[in-house]
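Trainee: Sharing a sequence plus its predicted fold:
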Amino acid sequence: MLHYVTTNPGKVREAREYLGDDAVTAFDYDYPEIQSETLAPIAAHGARAAFDHVGEPVIVDDAGLFIDGLDGFPGPYSAFAEDTLGVERVGRLARDAGASRATFRCVIAYCDGEPFSATPDSVDQGRRGDDLAVEERATATTDDTVDTAGVPVKLFEGVIPGRIVEPRGTGGFGYDPIFEHDGTTFAEMSTDEKNAVSHRGRALATFSEWFAER
Ligand SMILES: O=P(O)(O)OP(=O)(O)OP(=O)(O)OC[C@H]1O[C@@H](n2cnc3c(O)ncnc32)[C@H](O)[C@@H]1O
C-alpha cells in the first residue's frame, strides 16, 4: 500500500481525487523537515524519514507559494507564514508591494527503500511547457533520483504560475483563496478543476505515469 504522509488533509483529498480512493492511504505523520531554500531537498529528506517511520512505500509532498516581487517569499517557509501571518496578510503584503505575480510549486517525493532502475519509460519523461508563453508556462517534471544516505528517493515537480489577488472562494485550503490562475482562484475551483491545472495535479500526473511502470 502506498502511504501519502502528511498532516494536511487537503493534500490527501487532492491526491485521492487524482489517483483514486484505493490508490493511497493517508498517513498522518509530522516527519522532521530540514531547512532549505528549495523544496526538493526538503521533500527528499522528508520521504526518507517517512519511509523509515512507516516501513512501507511513501509519498511526501512539499509545496510552497513563491511571490516574484517578494523575492520568492514565503517559498519553503509557506507553512510558517500561514501559521504566523495568515494567508490574508501574506496576500496583502504582496499586493501592497505591487507584487502580484507568483508561482505555486509542489515536489512529490517517493521512497520504497529500493533502487530505481532507469528503464526508458521511467525517467526524464517530464513534460515542459516550453511552447507556452512565459506568463502561461506551467511545468511538470521528473527530477533525478536523490540519494539520501544510501536510500534513493524519486522526485516529481509541478509548477503553476498565477497572481496574488484579494481572497475569493471557499474551496480548497491554505493559500487557495488568494492564488488566481486564468481568472479563477484555486478556492473557486472544485478539487477536480484544481487538479487539472495545479502544481500538485501536475506533479501527481508525472508521478502516476512513472508509478504505473514501476
Ligand atoms: O508538511 P505536511 O504535513 O504535508 O503539511 P503542510 O501543510 O505543512 O505542507 P507544506 O509544508 O507542503 O505546505 C506549505 C504551505 O503551503 C500551503 N499549501 C500547500 N499546498 C497548497 C495548495 O495546493 N493550495 C494552497 N495552499 C497550499 C499549506 O497550507 C502550507 O501552509
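Mentor: Sure thing, it's come through.
Trainee: What does the pLDDT read for the nearest residue to L19 once chain neighbours are set aside?
Mentor: Among residues not flanking L19 along the chain, S208 sits closest, at 5.9 Å (C-beta to C-beta, 6 or more residues apart in numbering). Glycine gets a C-beta too; all of them are placed from N, C-alpha and C. Here, the pLDDT recorded for S208 equals 94.
Trainee: Same check on G150?
Mentor: 79.
Trainee: How about T103?
Mentor: 98.
Trainee: circling back to that earlier point, the residue nearest to L19 and the ligand, how far apart?
Mentor: Relative to the ligand, S208 is positioned 17 Å away (C-beta to the nearest ligand atom, to the nearest Å).
Trainee: correct me, but G91 touches R163?
Mentor: No: checked against C-beta atoms under 8 Å, the pair G91 and R163 is beyond contact range at 10.6 Å.
Trainee: Looking only at neighbour counts, state which of these two leads.
Mentor: G91 (23 against 19; other C-beta atoms under 10 Å).
Trainee: Phi and psi next, for that one.
Mentor: phi -60, psi -40 (degrees, to the nearest 10).
Trainee: show me what contacts it?
Mentor: 164-167, 175, 178 (C-beta atoms under 8 Å, 6 or more residues apart in numbering).
Trainee: Swap in 6 Å and give it another go.
Mentor: 164, 178 (C-beta atoms under 6 Å, 6 or more residues apart in numbering).
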